[in-house]
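Peer 1: What follows is a predicted protein model with its sequence.
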Amino acid sequence: MEKYNEGEKYNNKDFTLFNFEKAEFENCSFINCNFANTDLSECIFSECIFENCDLSTVKINQTGFQNIKFKNSKLIGIQFDECNTFLLHFEFSTCNLSFSSFHKLKLKNTRFDDCKMEEVDFTDTNLSKATFTNCDLSGAVFENTILEGADLGSAFNFSIDPELNNINKTKFSLQNVIGLLEKYNIIIE
């Protein structure tokens, strides 16, 4: 990595106006920045925060995300399964992650708070002890997903087949447990 940035603050930057240079960013903050459709491949972000940013459909082939916080940001259509998994850890608060993929990633203890997650792909993903607080999971795909000890108590609009996923000790609320019975096409009144 040729360029190293530490402790930098990027405010109101439109990164779509030029080619994004491969670099390493440590303890940096990106506030109100536009990355939509930008190629961030092979960059490394460590201990960074993205707030009020648009990262929709960014390319992240072998991009490192190490202890990253995304707040109030658009992350629509991102293939997180293409990023570098070394020390991979992030959390999401009030983000739109719709149509993104976390296929086969290990996301133990990941926090998703107040997120819109329509048709997100969690196939073969390890979400042990993950937390989905007030998340809309309409059309999200859970297949061969490990949800052991996860908290979906306040999540809604999900459909999870208990026979195809590990839901041992997963927390559900009485109101949302219906999402576990959808495959049976039964009527609950």
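Peer 2: Great, that's in hand. Residues are numbered from 1 along each chain as shown.
Peer 1: Note down every partner strand of the longest strand anywhere in the chain and its orientation.
Peer 2: Longest strand in the chain by number of residues (criterion: DSSP state E): strand 84-93. Under the criterion DSSP bridges, strand 84-93 sits next to strand 64-71 (parallel), strand 111-113 (parallel) in its sheet.
Peer 1: which strands and helices sit next to the helix or strand that the shortest one is followed by?
Peer 2: What that stands for is strand 111-113. Going down the chain from strand 111-113, the next helix or strand is strand 131-133, by DSSP states H and E. Contact partners of strand 131-133 among helices and strands, from 3 or more Cβ pairs under 8 Å, 6 or more residues apart in numbering; DSSP states H and E: strand 111-113. Bear in mind the C-beta positions are built from the backbone N, C-alpha and C, glycine included.
Peer 1: hmm, who's touching the longest strand of the chain?
Peer 2: With Cβ atoms under 8 Å, 6 or more residues apart in numbering as the test, strand 84-93 has contacts from 44, 46, 62-72, 75, 105-107, 110-115.
Peer 1: buried sites along that strand?
Peer 2: Using 16 or more other Cβ atoms under 10 Å as the test for burial, strand 84-93 gives 84, 88, 90-93.
Peer 1: What average pLDDT does it get?
Peer 2: The average of the pLDDT scores along strand 84-93 is 97.
Peer 1: so how far is it off the chain centroid?
Peer 2: Centroid separation between strand 84-93 and its chain, computed with Cα atoms, centre = their mean, to the nearest Å, is 8 Å.
Peer 1: on that earlier part again, can you say which of the contacts of strand 84-93 are buried?
Peer 2: Burial by neighbour count, judged by 16+ other Cβ under 10 Å, picks out 44, 46, 63-66, 68-72, 75, 105, 107, 110-113, 115 from the contacts of strand 84-93.
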